[in-house]
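Chemist: what shape does this take:
(chains A and B)
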Amino acid sequence: MTVNAITPCRRTVNSSKVIARSILYLVLILWAIFMIMPFAWMILTSIKTTKEAMKIPLIWLPKVPQWGNYANVLTKYNFGTYYYNTAFCTIFTVGIQVITCSMAAYVFARLDFPGKNVIFLLMLSVMMVPAQMIMIPRYVITQKLGLLNTLWGVIVSNVPSIYGTFFLRQNFQSLPRDLDESAMLDGCGFFRTYWQILLPLVRNGLISYAVLGIMWAWNDFLWPLLVISSKKNYVLSIAIANLQGEYNTDYPLMMTAGTVSMLPILVVFIFAQKYLMEGIAISGLKN
Amino acid sequence: MAARRISVRKRKEWTAAYLMVAPVVLGIMVFYFIPTLWTIFMSFTEGPDFLTYQFVGWKNYTVLWRELLNGAEFSHELVNTVYYAFVSVGFGLCFSVLFANLLNQNIKCRSLFRLIYFLPCLTMASAVGVVWRFLFNSKFGLINAILSWIGIKGPMWLSDGHFTIPSAIIVGVWSSVGYNMILLLAGLQNISKTYYEAAEIDGANSIQRFRHITIPLLSPVLFFVMLTSVMGGFKMFDLIYTLSNAAGSSASILLNYRTMVFGIYERGFLYTKFGVASAEAVILLLIILALTLIQMKAQKKWVHYE
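Modeler: Got it, this is the predicted structure:
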């Protein structure tokens, strides 16, 4: 009797729970479709012929997959070179940034010197100024440095990072001060303390910041658009915009270029997902 | 003796500090601090190239003011930027809060969903623009095809002035929700479960729990997301550039897309009107500063720091 009395009640609880769960999954899946649809369509189109891409009504799959589009983009349209250029800019921007910012971060976290507060204030004061708004003088300075239309012109002005310095400073501040002091007692100088003792300990923070930096540097658009003028120095982001300008209706070509441009960053992401998530999380929680 | 030893150590510390901080400080000076002052300075000048100039007082600003009154380029830039920024931040926040909360439930394949939601953030904005331009195509784009299956005749997304900024907002939300969601998810995971358990015992339903526990405890991260999203919205350029096919579209169509950064870019680098471009940059900077200050003031009312 008691069992009979309880069962219907439990069943209603369960079924309302089941409905709630199904709605939850339905929403999650619909949003996932919205997120993924453009990529799916991009990849499907990348292996179609131009005619198939513009067919009405739409067709999902090409008759014969045009894998040759990829070879074409990489060789005939020089995306091999653009890969190299983008990788060059990304590696040097992020590499130099991580080293210089971590040095400055160590100094701000640990050392005292006259003028520290002035410099700190100075950095805070321009932290709110986005690079896009001061691009004209930045362009002139790059020109005066003789770096226009070079990859180093893209790199040099992107290296100094207030954000990176503050991001890494957090990491140094979380280490106990005893570490430095015992290193100093053992005769380590300031630089060696930073390089050999502390830097290995903030490794996770460094990698997190580097992964974020790789993502930003790889995808950077406006600055290379201004600095680089000849095709041989294009990076992927402006090469794609340029393809759009020249071959406005060759959709398979542009979709192939889009797919190609995102593959390496996707690989980085899959391997370094944990660090990237951590990096984003830290950047939000520290405020 | 002791004092002397300390001073030697101090001097060593200073030297090390200056040397190690120099690359960043020099870089910030050259590529941020000087350019900021220079931009403000240039907004009061006029000249044929970057370095030859004469003072013109407020003229550049009055040029923009007149454009605003006449409904010329600058008025479109201002309206488009504000429209884009506010609406995309609003929707972006709602969706990222929603999906951060959904992913914080006990669900299967959570990391797969997280990966999929984050994919758009990995893609370069110029490629995003190219892909969505194809999707939005009124003749053979996927979006209007899907709309026609359910009996809706899709609009001319990319050329009808009523739909260009909404299109950009859809794409902008699509590509930014993942990043903010990760931020908020990290914030949610920092909230101790005991609060929810206590509330449940007290009989709070899920909406009450969300309103009285999640929102207050999440508010610092929410505030950060809001601050960066507003700034990001006002800086909009990359996506607009390829979504509008800026290199190949007519000026009249571009009017429906132009944002302020686009205006700075075009005036400065295509028409070499550095003074007016700088004036526009200063205006944008002031808008961003004002909005940041307002948000900083307002946060005292709703952000709870533990």
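Chemist: contacts only, for A:Leu243.
Modeler: Applying Cβ atoms under 8 Å, 6 or more residues apart in numbering or on different chains to A:Leu243 gives the contacts A:77, A:250, A:253-254, A:257, B:130. (Glycine included, C-beta is placed from N, CA and C.)
Chemist: let me redo that: B:Pro35
Modeler: Applying Cβ under 8 Å, 6+ apart, we find B:Pro35 in contact with A:134, A:136-138, A:141.
Chemist: how about 7 Å then?
Modeler: By Cβ atoms under 7 Å, 6 or more residues apart in numbering or on different chains, the contact set of B:Pro35 is A:134, A:137-138, A:141.
Chemist: three-state assignment of it?
Modeler: Following DSSP: H, G, I helix; E, B strand; the rest coil, we place B:Pro35 in the helix state.
Chemist: on that earlier part again, the contacts of B:Pro35: which ones sit near chain B?
Modeler: Counting by Cβ under 7 Å from any Cβ of the partner chain, A:134, A:137-138, A:141 from the contacts of B:Pro35 sit close to chain B.
Chemist: could you see whether chain A lies near stretch B:254-270?
Modeler: Yes. Using Cβ under 7 Å from any Cβ, stretch B:254-270 comes into contact with chain A via B:261, B:268-269.
Chemist: which residue would be the closest one in chain B to chain A?
Modeler: As assessed by Cβ to the nearest Cβ, chain A sits closest to B:Gly27 within chain B, at 2.6 Å.
Chemist: looks like that residue contacts A:Pro160 (just checking).
Modeler: Yes. Assessed by Cβ atoms under 7 Å, B:Gly27 is found in contact with A:Pro160 at 2.6 Å.
Chemist: ok, B:Lys139 - contacts?
Modeler: Shown in contact with B:Lys139 (Cβ under 7 Å, 6+ apart): A:Ile56.
Chemist: burial of B:Ile107, as a residue count?
Modeler: B:Ile107 sits with 13 neighbouring residues when counted by other Cβ atoms under 10 Å in any protein chain shown.
Chemist: next: the one 5 residues further on.
Modeler: The burial count assigned to B:Leu112 is 10, neighbours taken as other Cβ under 10 Å.
Chemist: how much space between it and B:Asn205?
Modeler: Separation of B:Leu112 from B:Asn205 (Cβ to Cβ, to the nearest Å): 30 Å.
Chemist: same check on B:Leu51?
Modeler: For B:Leu51, the distance to B:Asn205 - Cβ to Cβ - is 66 Å.
Chemist: counting contacts, what elements does the longest helix anywhere in chain A pack onto?
Modeler: When chain A is scanned for its longest helix (criterion: DSSP state H), the result is helix A:2-46. On a contact count with 3 or more Cβ pairs under 7 Å, 6 or more residues apart in numbering or on different chains; DSSP states H and E, helix A:2-46 meets helix A:251-285, helix B:73-103, helix B:110-122, helix B:125-135.
Chemist: could I get these as CSV with mean pLDDT and distance to A:Glu181?
Modeler: Putting the helices and strands packed on helix A:2-46 into CSV (pLDDT from 0 to 100; distance: least, Cβ to Cβ, whole Å) gives the following:
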stretch, mean pLDDT, distance to A:Glu181
helix A:251-285, 87, 26
helix B:73-103, 95, 42
helix B:110-122, 91, 41
helix B:125-135, 93, 47
